[in-house]
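[1] Generate a structure from the sequence data that follows.
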Amino acid sequence: MQRIAVDEPKPFTLHSPSSLDGALELAVAHQGDFAYLAGGCDLLDQLKHQWRRPRHVINLKGIDSLSGLERGEDQVRVGALTKLAALERDRDLLKRLPALVHGAARVASPQIRNMGTLGGNLLQDSRCPYYRGAWHCYREGGIVCDAHHGINREHAIFGGDRCYTVTPSDLAPVLVALDASVQVHGKEGGRSLPAHRLFVSPSEDIKIMHRIQRGEILTALEIPLRKDRRSAFVKNAARNAWDFARASAAIALAVEEGRARDVRIALGGVAPTPWRSLAAERALEGAALNETSIEEAALAATKGAAPLSHNAYKVGLVRKLVRQALTQVST
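    Model prediction:
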């Protein structure tokens, strides 16, 4: 389908179910000719430009069970339709999961955070301008990744097999670093998967970015709470308001007798999926948190990077962000 410069959606019927089962029944009834509406920050843009033309839109906003937080001793359960602004303003969550709050606070602008949802932020489609523009790129069904030999300052330096888009989600690396699990429901029932398994690399399937099947609904994220665990999130963007990440780093670790344990380092804006930097984690695991170990981890974080013609700057940027995030959790 050619993407044309329009600013008006094709006509569609809006459905507003009040229950999860009702939404799933509508999805079955309308087969492939529907779209789910959560916050709408991505979907409405696609509809207005007629990149998607569903005849039915299923509005999930009236399903109360998809919003809000449930706080326990061992975990926090966050509904997929919870607004980013609600996460940003949650003082209790800031104490328990600072990386999640700081990540939510760095998404786009206040207006977007007032509308955007946790689930929508995770499931948004590629923002590559070649994919969203008039080019017939590899992800769109063509035979070449235009970014690979074009202007690629914002593109991947890791994992860019056939497609060099980057995950546009600020919260994806945070939830991977925090060992979150994703709750998904379909007509056959519910299932759970680790957050890092939610995302799909181009080498596995170039046309999708996540494992939510057609008709399924992401209902909640469950994040474990550990009293000895620290976390941080830092992001670099061209402008602090609105822009997607050039690169970001989410860190989670425990400190036992002055040494780092259970280290998780996940990078955003540098790969098609949230990128677990296993080399950096190994460099820091069991080490005392000091300038030497932080520097070793920062250097290891870019092991295996393969910059394109215009984005080699991301190598130094990733090291800086990892260094900054680790310094925050070490104090």
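[2] What pairs with the helix or strand harbouring residue 35, parallel or antiparallel?
    Element membership for residue 35 (DSSP states H and E) is strand 34-37. Partners of strand 34-37 in the sheet, by DSSP bridges, are strand 56-59 (parallel).
[3] In PDB, could you pull the C-alpha coordinates for the strand it pairs with?
    The C-alpha trace of strand 56-59 is given here as PDB (Å, rounded to 0.1, in the frame of the first residue of the first chain):
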ATOM      1  CA  HIS A  56     -13.700  -1.100  13.100                       C
ATOM      2  CA  VAL A  57     -11.800   0.500  16.000                       C
ATOM      3  CA  ILE A  58     -12.200  -1.200  19.400                       C
ATOM      4  CA  ASN A  59     -11.800   1.400  22.200                       C
END
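[4] helices or strands next to the helix or strand just after that strand in the packing?
    Downstream of strand 56-59, the next assigned helix or strand under DSSP H and E is strand 69-71. Contacts defined by 3 or more C-beta pairs under 8 Å, 6 or more residues apart in numbering; DSSP states H and E place strand 69-71 against strand 75-79. Placement of C-beta: from N, CA and C, glycine included.
[5] Would you mind giving the domain segments of this protein?
    Following automatic domain parsing, one finds the domains of the chain at 1-65, 67-124+163-330.
[6] how long is stretch 92-104 from one end to the other?
    Here the two ends of stretch 92-104 are set 14 Å apart, with distance taken as C-alpha to C-alpha, to the nearest Å.
[7] Pull the distance from that stretch to the chain's centre.
    Distance of stretch 92-104 from the chain centroid (C-alpha atoms, centre = their mean, to the nearest Å) equals 16 Å.
[8] Give me the helix or strand of the protein that scores worst on average pLDDT.
    In the chain, no helix or strand scores lower on mean pLDDT, DSSP states H and E than helix 43-48, which sits at a mean of 92.
[9] same for that one, what does it pack against?
    For helix 43-48, the contact count by 3+ C-beta pairs under 8 Å, 6+ apart identifies strand 34-37 as packing neighbours.
[10] One more pass at 10 Å, please.
    Judged by 3 or more C-beta pairs under 10 Å, 6 or more residues apart in numbering; DSSP states H and E, helix 43-48 is in contact with strand 34-37, strand 56-59.
[11] Report the mean confidence score over the first one.
    What that stands for is strand 34-37. The pLDDT scores in strand 34-37 average 97.
[12] Now do it: everything it contacts.
    With C-beta atoms under 10 Å, 6 or more residues apart in numbering as the test, strand 34-37 has contacts from 12-16, 23, 26-28, 43-44, 46-47, 52-61, 119-120, 123, 212, 214-218.
[13] And whichever strand or helix holds residue 111, what's buried?
    Element membership for residue 111 (DSSP H and E) is helix 110-115. Residues of helix 110-115 classed as buried: 112-113, 115 (neighbour count, 16 or more other C-beta atoms under 10 Å).
[14] can you check stretch 184-200 too?
    184-186, 195-196, 198-200.
[15] can you give me the end-to-end distance of it?
    Stretch 184-200: ends 16 Å apart by C-alpha to C-alpha.
[16] Surely residue 310 touches residue 246?
    No. Counting by C-beta atoms under 10 Å, residue 310 sits too far from residue 246 to count as a contact (11.9 Å).
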